[in-house]
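A.B. asks: Pasting the sequence and the predicted model now:
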Amino acid sequence: MSLTLPGVDRFEIVRGEVIPLSPTGGIHGQIEGNAYFILAQPIRAKRLGRLYVGEVGVVVAQDPLTVRGADVAWIHADQGSVMTSPEGYLLTPPALVVEVLSPNDRASEIEGKVQEYLRAGVQVVLLLDPQLGCATLARPDSTRTVLQAVQNLELPELLPGWSVSLAEFFEVDP
């Protein structure tokens, strides 16, 4: 399959089918950038692995091929060397995936995507909802934790002792 499509800049592959994606908006981009910046500080300071941003392709299933575009993905140093497909998609499942929700996202599609990440081996999926100013943490044991912007985000299984105000993720310029 050709992974370069004329007139299609952004896409995911879902069960072998190419799904074109719309460009994200400015607020989405700012929140995605905030997430990268916030996470990069402790990850780089402690040399805790590789952090990716910008719809990086994550292979969540091989047959049929399913590649999801993560807004932010972190492969922890403890996971060893990073494996990629010939196209550069991540074969090593990230420890953490951050997804910024868009106004046109359907809840059932988002939940399906979260389940794909978790089945592929992702330890935590962080969903940031700019419209509601809240976040949901999803883990493989089916727990869901909802945080409001006034609360702190902690990831004890990945960043012991780290804590940050969730509101920092949602700071955007008008």
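C.D. replies: Ah, there it is.

A.B. asks: Specify the beta-bridge partners of A70.
C.D. replies: V56 (DSSP bridges).

A.B. asks: hmm, I was thinking of V146
C.D. replies: Under DSSP bridges, the beta-bridge partners of V146 are T136.

A.B. asks: Would you mind measuring from it to L153?
C.D. replies: Using CB to CB, to the nearest Å, one obtains 12 Å as the distance from V146 to L153. (C-beta placed from N, C-alpha, C; glycine too.)

A.B. asks: okay, these two: which has more neighbours?
C.D. replies: More neighbours surround L153 than the other of V146 and L153, with 21 against 12 (other CB atoms under 10 Å).

A.B. asks: before we move on, the earlier item: common neighbours of V146 and L153, please.
C.D. replies: Common neighbours of V146 and L153 (criterion: CB atoms under 8 Å, 6 or more residues apart in numbering): A135.

A.B. asks: for this structure, what spans make up the strands?
C.D. replies: 11-14, 17-20, 49-62, 65-76, 96-100, 124-129, 134-138, 144-148, 152-153, 164-165 (DSSP state E).

A.B. asks: In the chain, where is pLDDT below threshold?
C.D. replies: 1-13, 15-18, 20-23 (pLDDT under 70).

A.B. asks: what about 50?
C.D. replies: For the chain, the stretches with pLDDT under 50 are 1-2.

A.B. asks: which helix of the chain spans the most residues?
C.D. replies: As assigned by DSSP state H, the longest helix anywhere in the chain is helix 26-45.
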